[in-house]
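Participant: Fold the following for me, if possible:
(chains A, B, C and D)
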2 protein chains.
Amino acid sequence: MAGKDHVGGSKAVTLTDVARFAGVSVATASKALNGRSQVAAHTRARVLQAAEQLSFVPNTLAQGLLVGRTGTVGLLTSDLQGRFVIPILMGAEDAFGAGRINVFLCDARGDTIREQHQLKALLSRRVDGLIVVGSQTDRRPSVGHDLPVPVVYVYAPSDDPDDLSLVPDNVAAGRLAVEHLLSCGRRRIAHVTGDPSYAAAQDRVKGALEALDAAGLELVGEVMYSEWSERWGRDATAVLLERYPDIDAVLCGSDQIARGALDTARDQGRKVPGDIAVIGFDNWDEMVTNSRPELTSIDPNLQLLGRSAAQRVFAALDGDEMGNGVHTQAPRLVIRGSTVARR
Amino acid sequence: MAGKDHVGGSKAVTLTDVARFAGVSVATASKALNGRSQVAAHTRARVLQAAEQLSFVPNTLAQGLLVGRTGTVGLLTSDLQGRFVIPILMGAEDAFGAGRINVFLCDARGDTIREQHQLKALLSRRVDGLIVVGSQTDRRPSVGHDLPVPVVYVYAPSDDPDDLSLVPDNVAAGRLAVEHLLSCGRRRIAHVTGDPSYAAAQDRVKGALEALDAAGLELVGEVMYSEWSERWGRDATAVLLERYPDIDAVLCGSDQIARGALDTARDQGRKVPGDIAVIGFDNWDEMVTNSRPELTSIDPNLQLLGRSAAQRVFAALDGDEMGNGVHTQAPRLVIRGSTVARR
DNA sequence: GAAAAGACCGAAAACCTTTTCCGTTTCGTG
DNA sequence: CACGAAACGGAAAAGGTTTTCGGTCTTTTC
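Facilitator: Sure, this is the predicted structure:
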């Protein structure tokens, strides 16, 4: 009753079928469909109509085999939750207009052997390039140079300076955050952040200190390092408010930490943004829009990162020099209620 | 200096190269590498070594062209944040062991024309099957029956009963949640949930009422519908606590709503789980582990869903009847501190 | 020692598309 | 009317792999 077309027979329709149906050779059919010039207008029309009628879809495999380009890239990730990788993927998809390239998404689950497997599988599928996405902004081992396709590292840079890496500019992000706080009139700013072994933490601190320095100010107290959790955000803010009751802003190393800070401020009856401003990093949608008040944050522009990664890959295929080193992507400030009172 | 291999020359090594290197024909080389029986042991060894030495990677495109199977599936989604699609993708990847199949992830951004484009692109790449992932559990328009490959709908069922859909069993989830609350000794349970137009909301209500009924109990007050946000969770719980101060559990329609409930309980000095138990749905990692206390939740087992989707696709290719209708996946209870005091 | 059987290897077709090159037709021009 | 050119359509090769079938060589059996 519910017999499907793909079972038993009804093979996919090929160019030969179209050609026969239109009464021309496959060569002509191909030329007509690809807009080559050596075919008369009425012949082209006939072929197009035949293709339409048979709902012909060209076999990209055969094309790729012949042309040596598949129009695919492999996205190799270890970002288990997909928080970073999804915007990067969307950016890559969009790099050349909708549907022009397709992306194989592979999750290595942080396992090196698994990563090797996936890598091999992607190469056997003749992807045109590789985008490697790490889950932290720390350097990660290179997947190797002797690969037959261009490789771009995104979010987490490669540990090999000969590789090309595109990462968010966390120093600029730190600077941008502090400049915003200053422009809101804040002067007594403390900084709570995550794991000090993360490059992201250090870079943001660096940028923040630069901006403070430029304004002739200093951070209130020491930078408070620990882990990237709301719990730490809560605990650290509690300590902070006790030790320095007069602070007027908390710069938080992530949106999660910022949410914790908001919770503690609320628990202790401090008004946000009236008494204290709070700002986070990542602009992670679920975090920033669900807090009380909504959270001002620094967006790392991941989608742009994905887009330029894909563009670099195909530029390299077209003969451009791949380039190397670590390139940074400027961040973007998104202002919400945690730093500026709602209109 | 940093010249890359993929620029200029050094073509990918082919089976012909391996064969020549090993001093055999391509036919023999192919048989040797694929473990066919018609080749002598020492010949096979020689071929294998040659392949190793030249670091030969078979061209899957050529294989697919010939065999008519590519070992790829297309994952067509509109889940912008990737919250559901990532576990489903991981399940699909794992369905046949690591690296056996690869997944094209396509984000249609909720745009129908874009979806059509992506669909066509995937078909032209000769994917072996299609997995369509919706962002809500409501029925979604079918992508059509006249496709040359099997299609499975996951998370959001197709609106066409002839299609096969795999979805989380939200009725069972509702039941499971209430049964857990009852087993914790709760008797006065209220229910705050999201948008009433969502099937997920209705199904969970249904299951919850069934379980209460079986225990001879009733819900405290009416089901409170509105939106899937923390804000609503907070507001609704405030109303609830004022109107029915004696409730001992809040069943929340999502983890986000549950977080809101926890916040309000805390604001009003109610102890969780001492005075009030709170339970959510989805088992969304960031939500459940960052709340105070950590949140008990119902996990929809999305990874299993993705796995069986992929298995169904390939079973259909092997001639099995595809089946149709909506099949459900049993949920799993994950107990945390919001219903049971920490040991 | 010869014939039959078995083990092993290789040539070639097939998959589907693109592109080059060549043959044919048509048209314009002298 | 004839010639050259331009326009158009088709045959064939190429891309890398798998599989079938036939051929060669070794082994076994009487």
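Participant: The stretch 101-250 of chain A: helices as residue ranges?
Facilitator: Along the stretch 101-250 of chain A, counting by DSSP state H, counting those that start in this stretch, helices occupy A:112-124, A:170-183, A:199-214, A:230-243.
Participant: Quick one: closest of those helices to DNA strand D.
Facilitator: For DNA strand D, the closest of the helices of the stretch 101-250 of chain A is helix A:112-124, at 8.3 Å, according to CB to the nearest atom of the strand. Using the backbone N, CA and C atoms, a C-beta is placed for each residue, glycine as well.
Participant: Say whether chain B is contacted by the closest one.
Facilitator: Yes. Applying CB under 8 Å from any CB of the partner chain, one finds helix A:112-124 in contact with chain B at A:114, A:117-118, A:120-124.
Participant: Can you tell me the centre-most residue of chain A?
Facilitator: Nearest to the geometric centre of chain A sits residue A:88, at 2.6 Å (CA atoms, centre = their mean).
Participant: List the contacts of it.
Facilitator: A:75, A:131, A:133, A:154-155, A:302-303, A:305-306, A:309 (CB atoms under 8 Å, 6 or more residues apart in numbering or on different chains).
Participant: What parts of chain A come near DNA strand C?
Facilitator: A:11-12, A:14-16, A:26-27, A:30-31, A:33-34, A:36, A:38, A:56, A:58-59, A:62-63, A:65-67 (CB under 7 Å from any atom of the strand).
Participant: mind listing which of those residues are in helices?
Facilitator: A:15-16, A:26-27, A:30-31, A:33, A:62-63, A:65-67 (DSSP state H).
Participant: which of these are buried?
Facilitator: A:15, A:30-31, A:33, A:62-63, A:65 (16 or more other CB atoms under 10 Å in any protein chain shown).
Participant: As JSON lines, the residues you listed with pLDDT and distance to DNA strand D would be great.
Facilitator: Below are these laid out as JSON lines (pLDDT from 0 to 100; distance: CB to the nearest atom of the strand, whole Å):
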{"residue": "A:15", "pLDDT": "93", "distance to DNA strand D": "10"}
{"residue": "A:30", "pLDDT": "93", "distance to DNA strand D": "8"}
{"residue": "A:31", "pLDDT": "92", "distance to DNA strand D": "7"}
{"residue": "A:33", "pLDDT": "92", "distance to DNA strand D": "12"}
{"residue": "A:62", "pLDDT": "93", "distance to DNA strand D": "4"}
{"residue": "A:63", "pLDDT": "93", "distance to DNA strand D": "8"}
{"residue": "A:65", "pLDDT": "91", "distance to DNA strand D": "4"}
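Participant: picking up where we left off before, take the helices of the stretch 101-250 of chain A and write them to JSON lines, including distance to residue B:277 and mean pLDDT.
Facilitator: Below are the helices of the stretch 101-250 of chain A laid out as JSON lines (distance: least, CB to CB, whole Å; pLDDT from 0 to 100):
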{"stretch": "helix A:112-124", "distance to residue B:277": "39", "mean pLDDT": "92"}
{"stretch": "helix A:170-183", "distance to residue B:277": "39", "mean pLDDT": "97"}
{"stretch": "helix A:199-214", "distance to residue B:277": "37", "mean pLDDT": "96"}
{"stretch": "helix A:230-243", "distance to residue B:277": "21", "mean pLDDT": "95"}
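Participant: hey, which of those helices is tucked in deepest?
Facilitator: Of all the helices of the stretch 101-250 of chain A, helix A:170-183 carries the top mean neighbour count, a mean of 22, counting by mean count of other CB atoms under 10 Å in any protein chain shown.
Participant: quick one: contacts of it?
Facilitator: With CB under 8 Å, 6+ apart, helix A:170-183 has contacts from A:137, A:189, A:199-200, A:203-212, A:215, A:217, A:249, A:251, A:277, A:279, A:281, A:296, A:298, A:300, A:328, A:330-331, A:333, A:335, A:339.
Participant: and the angle for it with helix A:199-214?
Facilitator: Here helix A:170-183 runs at an angle of 40 degrees relative to helix A:199-214 (axes from the mean of the first three to the mean of the last three CA atoms, to 10 degrees).
Participant: and which of the contacts of residue A:88 is nearest residue B:268?
Facilitator: Closest approach between the contacts of residue A:88 and residue B:268, by CB to CB: residue A:302, at 38.6 Å.
Participant: do you know how far the closest one is from residue A:282?
Facilitator: Distance, residue A:302 to residue A:282, using CB to CB, to the nearest Å: 9 Å.
Participant: same check, this time on residue A:275
Facilitator: 24 Å.
Participant: which of these two has more neighbours?
Facilitator: The neighbour count for residue A:275 versus residue A:282, taken as other CB atoms under 10 Å in any protein chain shown, is higher for residue A:282 (25 against 15).
Participant: before we move on, back to that, now tabulate the helices of the stretch 101-250 of chain A in CSV and tack on distance to residue B:221.
Facilitator: Below are those laid out as CSV (distance: least, CB to CB, whole Å):
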stretch, distance to residue B:221
helix A:112-124, 50
helix A:170-183, 44
helix A:199-214, 46
helix A:230-243, 31
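Participant: Just tell me which of the ones you listed ends up closest to residue B:141.
Facilitator: helix A:112-124 (32.5 Å).
Participant: Keeping just the C-alphas, turn that closest one into PDB.
Facilitator: Output in PDB follows, covering the C-alpha atoms of helix A:112-124 (Å, rounded to 0.1, in the frame of the first residue of the first chain):
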ATOM      1  CA  THR A 112      42.200  11.400  18.900                       C
ATOM      2  CA  ILE A 113      41.800   7.900  17.300                       C
ATOM      3  CA  ARG A 114      38.300   8.700  16.400                       C
ATOM      4  CA  GLU A 115      39.500  12.000  14.900                       C
ATOM      5  CA  GLN A 116      41.900  10.100  12.700                       C
ATOM      6  CA  HIS A 117      39.200   7.800  11.500                       C
ATOM      7  CA  GLN A 118      36.900  10.700  10.700                       C
ATOM      8  CA  LEU A 119      39.700  12.500   8.900                       C
ATOM      9  CA  LYS A 120      40.400   9.500   6.700                       C
ATOM     10  CA  ALA A 121      36.700   9.100   6.000                       C
ATOM     11  CA  LEU A 122      36.500  12.700   4.900                       C
ATOM     12  CA  LEU A 123      39.500  12.500   2.700                       C
ATOM     13  CA  SER A 124      38.100   9.400   1.000                       C
END
